[in-house]
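# build the 3D model from these lines:
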Amino acid sequence: MAGLRPQPVRAPRRACVPRAAAAVEAPAKVSQEVIDKCVNAIRFLAIDAVNKAKSGHPGLPMGAAPMAYVLFNETMQFNPKNPAWFNRDRFVLSAGHGSMLQYALMHLVGYESLQLDDLKQFRQWNSRTPGHPENFLTPGVEVTTGPLGQGICNAVGLAAAEAHLAARFNKPDAKVVDHYTYCILGDGCMMEGISNEACSLAGHWGLGKLIALYDDNRISIDGHTEISFTEDVAARFEALGWHVQHVQDGNTDFDGLRKAIANAKAVTDKPSLIKVSTLIGYGSPNKADTHDVHGAPLGPEETAATRENLKWPYGEFEVPQEVYDVMRSAVSKGATAEEGWKATLAAYKSKYPKEAEELEGLLSMKLPEGWEKALPTYTPEDKGLATRQYSQIMLNALAPVLPGLIGGSADLAPSNLTLMKMFGDFQKGSYAERNLRFGVREHGMGAIVNGIGRHNSGLIPYCATFYIFTDYMRAAMRMSALSEVGAIYVMTHDSIGLGEDGPTHQPVEHLASFRAMPNMLMVRPCGGNETAGAYKVAVANRNRPTTIALSRQGMPNLEGCSIEGVEKGAYVIHGGEGTPDVIIIGTGSELPLAIDAAKKLEADGTKVRVVSMPCWELFAQQSDEYKESVLPAAVTKRVAVEAGSSFGWERYIGTSGKFVGIDDFGASAPANILYEKYGITLDHVVEAAKSLL
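Residues are numbered from 1 along each chain as shown. Got it, this is the predicted structure:
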């Protein structure tokens, strides 16, 4: 094409020969000329929106438009008029900076959530077209992407959810769960380590309905990727157990794209990677194949030159009717596909009523009636255990009553105690099982769990590791909170109380850091009843993730600890009558210490109230009247005790209050020695309270 820089053609070093399959065929009535118009419409909607916003990433949409067209118009099964249709194919734009690619496609195929005016509001306040795709703003967007590598991991989770439900519910004569997960990812996603974690698992699991198209445009923000990224990606993915192909000309070889996708669908025992070599900014005479087009508008002059170069005579945001006529065929095709699925489901219900009832219960996204009654309760006479042990009891109590509960640990199941004993392992060939073995892949684990949650099929995902290793997966946990995924993070070994493993394994600032995260519930329970409360809260919150910090060491079941108290975030557990002289606030394993300190102070005539505060966020949601009843504003003499950082506690104890905890990294020693050396002791709590009187 005139004006374009020549594109190097690089043969794959290790080509994988796929099993023969019929190619995806272009619709007979659509000429190549009209297909080119559809592709250019995608490009120019992206160009015009980025120009209007004066910011954005036009290069990826311009280069990836052909593969995206083949996916959306010729391959995928979805209903634009019902974005929530369960058996739709899922699409993830892992390279979320190229969001205008997805918005343009969704507009052209007829999603009501994206009108032309919405595209004109790209990156503006309160629009449905934010800078990166956000599932909670734009119906039809499956997952929130932006941090590179997260999206492909979400896609692994989506594909795992499909495999799991298909194995549980499909019958030889009725496939009620039968859809693919497609993902477009870029060089940045490939560089991020999280993608390798999740793609390694996808290969191990053999997720044959996961198809990823790698936009190999060899450009990142710094310039050509040859300055920092020269590995053989195809060889790496073959080693990970993926089926790999290479479309060498992703700009114009539509038949190559169709054939590669068809080949990928024919390989049922492996996920597929299609490396698609493209020219970033395709069509731009002066900016194609440069980092200049990656993250900045083309500008008026280069846009005009690109219009001339691609022979696009239309104005800004102008789409010819023949493009709409072709692209909006997705509406009728989608409606027909959904009606066909409904007929399949109806026949399934008549033959398999029990299975159909369970499936429809999951798809309703409603929790089973009375599920919370399965949670056990405890009295002070019951033997005290570590809260990680109570967590194991809760998971196994909930497993038979919550058909959507699914999850596992990052190679720490014997320590996290997260196995559901009535189920086996989710593995290749046993997808119906509900224990996930993530291996030592915390970051990938968190993002996969987000994908399972965003499958929106009633699955309740949980995952686990040592609390300290949330440092590895914090970005994925933040995406849970942002994306409104009700994931449950089971985090054990929650303080210096884990002892001898030392400061590399002892979380200190972590409670404060997750309390600072918007839309995250951070729960640190004491004993069996509060652990039960933590799970009741976590399961009930389907649009809000919950992190549960659990102890390694045992603790008693205190009088007054309750599930209901956890639901309120904080409550009076001791000394509730009248106005106290001093209030002691405790959480988790330090709550018994607060009670003991209160009793010692009371022996000297001091009136003491003890407040258990397992969840700051839930307490903040309570009425002013309730908060006043727990923490009277007139009582300013307050002590907090928690084996963690003091950061943030001034919110509840004031600037003159006392905090008993740790603002250091901890040390390697038995837990009782550490508590003594760091002053988290009965005498120190009593001394802190007396200093205020």
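# extract the CA atoms of stretch 63-79 and return them as CSV.
What follows is stretch 63-79, C-alpha atoms only, in CSV (Å, rounded to 0.1, in the frame of the first residue of the first chain):
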residue,chain,number,x,y,z
GLY,A,63,-3.4,-2.9,13.3
ALA,A,64,-5.7,-5.4,15.0
ALA,A,65,-8.9,-4.4,13.1
PRO,A,66,-8.7,-7.3,10.6
MET,A,67,-8.4,-10.1,13.3
ALA,A,68,-11.1,-8.4,15.4
TYR,A,69,-13.4,-8.2,12.4
VAL,A,70,-13.0,-11.9,11.7
LEU,A,71,-13.7,-12.7,15.3
PHE,A,72,-16.8,-10.5,15.8
ASN,A,73,-18.4,-10.8,12.4
GLU,A,74,-17.5,-14.3,11.3
THR,A,75,-16.6,-16.4,14.3
MET,A,76,-18.0,-15.5,17.7
GLN,A,77,-21.5,-16.3,19.0
PHE,A,78,-23.2,-13.6,21.0
ASN,A,79,-26.3,-11.5,21.1
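# so how far is Ala337 from the closest residue to Pro80 other than its chain neighbours?
Using CB to CB, 6 or more residues apart in numbering and skipping the chain neighbours, the partner closest in space to Pro80 is Gly110 (4.0 Å). (Glycine included, C-beta is placed from N, CA and C.) To Ala337, Gly110 is 14 Å away according to CB to CB, to the nearest Å.
# burial measure for Ile584, as a count.
Neighbour count of Ile584, defined by other CB atoms under 10 Å: 31.
# where are the low-confidence patches of the stretch 401-550 of the chain?
Along the stretch 401-550 of the chain, no part satisfies pLDDT under 70.
# that one: helices as residue ranges?
413-416, 442-454, 470-483, 510-515, 527-540 (DSSP state H, counting those that start in this stretch).
# which one of the ones you listed lies nearest to Ala155?
helix 442-454 (6.3 Å; CB to CB).
# that closest one vs helix 470-483, what angle?
Calculated by axes from the mean of the first three to the mean of the last three CA atoms, to 10 degrees, helix 442-454 forms an angle of 20 degrees with helix 470-483.
# need the contact list for Phe169.
Contact analysis of Phe169 by CB atoms under 8 Å, 6 or more residues apart in numbering lists 176-177, 355, 358-359.
# what's the most distant pair in those residues?
Farthest pair in those, by CB to CB: Val177 and Glu358, 12.3 Å.
# tell me the pLDDT at Ala23?
If you check Ala23, the pLDDT there is 44.
# next one: Gly576
88.
# that one contacts Arg609, doesn't it?
Yes. Counting by CB atoms under 8 Å, Gly576 touches Arg609, with 6.6 Å between them.
# picking up where we left off before, how far away is the residue nearest to Pro80 from Ala397?
Separation of Gly110 from Ala397 (CB to CB): 46 Å.
# how far off centre is stretch 483-498?
15 Å (CA atoms, centre = their mean, to the nearest Å).
# if you could redo that for stretch 313-325, that was the one I meant.
Distance, centroid of stretch 313-325 to centroid of chain: 36 Å (CA atoms, centre = their mean).
# for Val9, give me the pLDDT.
36.
# count of residues packed around Val401?
16.
# ok, it - contacts?
Val401 touches 368, 371, 374, counting by CB under 8 Å, 6+ apart.
# buried stuff in stretch 216-232?
Neighbour counts using 16 or more other CB atoms under 10 Å place 216-220, 225 of stretch 216-232 among the buried residues.
# now do stretch 155-167
For stretch 155-167, by 16+ other CB under 10 Å, it's 155-166.
# how about the CA coordinates for it, as PDB?
Extracted as PDB, the C-alpha positions of stretch 155-167 are listed here (Å, rounded to 0.1, in the frame of the first residue of the first chain):
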ATOM      1  CA  ALA A 155      -9.600 -15.300  30.000                       C
ATOM      2  CA  VAL A 156      -8.000 -18.400  31.500                       C
ATOM      3  CA  GLY A 157     -10.500 -18.100  34.400                       C
ATOM      4  CA  LEU A 158     -13.400 -17.700  32.000                       C
ATOM      5  CA  ALA A 159     -12.400 -20.700  30.000                       C
ATOM      6  CA  ALA A 160     -11.900 -22.700  33.200                       C
ATOM      7  CA  ALA A 161     -15.400 -21.800  34.300                       C
ATOM      8  CA  GLU A 162     -16.800 -23.000  31.000                       C
ATOM      9  CA  ALA A 163     -14.900 -26.200  31.200                       C
ATOM     10  CA  HIS A 164     -16.100 -26.800  34.800                       C
ATOM     11  CA  LEU A 165     -19.800 -26.200  34.100                       C
ATOM     12  CA  ALA A 166     -19.700 -28.200  30.800                       C
ATOM     13  CA  ALA A 167     -18.300 -31.200  32.600                       C
END
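# distance between it and the chain's centre?
14 Å.
# what about it, average pLDDT?
98.
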